[in-house]
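Student: Take a look and give me a structure for this.
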Amino acid sequence: MDTDRIVGSAKEYAGRAEGAIGDMAGDAKTQASGKAREAAGTVQNLYGQAKDAVCDAADTAAGYAKDAYDNSGDTFRDGTQALSKKVKDNPLGSLLVAGGIGFALALLMSRPARRPPPRWRYYG
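Tutor: The predicted model follows:
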């Protein structure tokens, strides 16, 4: 709990008490001061509640991020194990796929750079 919430609640109750004393005494100045203190306490209490809500949301988001980070290694391991199982189940198909990818990469890397078409200049 935020200290602003505690202080705000205390001010709010003190303002209510001061306003009640002003009502009983018939003193408009004390009554107005009590209402002002009560309003200030309410605002401070609401500010503390907002700060608490932001802290809770940040803690929740940090928890989700930590869980995602902690579980990312498991996901990578699971994917690696699934790929390993596929290779063990079908070694010839895996070899053909790897060879096809290697052939495509070799073609892309061995192509000469594209040259722009020559510009013809006519001197006349």
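
Student: Mind telling me what element the residue nearest the centre of the chain is part of?
Tutor: Relative to the mean C-alpha position of the chain, the nearest C-alpha, by CA atoms, centre = their mean, is the one of A61, at 5.6 Å. When secondary structure is defined by DSSP states H and E, A61 falls within helix 28-89.

Student: Show me what the mean pLDDT comes to for that helix.
Tutor: Computed over helix 28-89, the mean pLDDT rounds to 82.

Student: ok, and what's touching the following helix or strand past that helix?
Tutor: Taking DSSP H and E as the definition, the helix or strand that follows helix 28-89 towards the C-terminus is helix 91-110. Taking CB atoms under 8 Å, 6 or more residues apart in numbering as the criterion, the residues outside helix 91-110 that touch it are K86, V87. (Each C-beta comes from the backbone N, C-alpha and C, glycine too.)

Student: try stretch 54-63
Tutor: D2.

Student: so how far is it from its chain's centroid?
Tutor: Its chain's average C-alpha position is 9 Å from that of stretch 54-63, according to CA atoms, centre = their mean, to the nearest Å.
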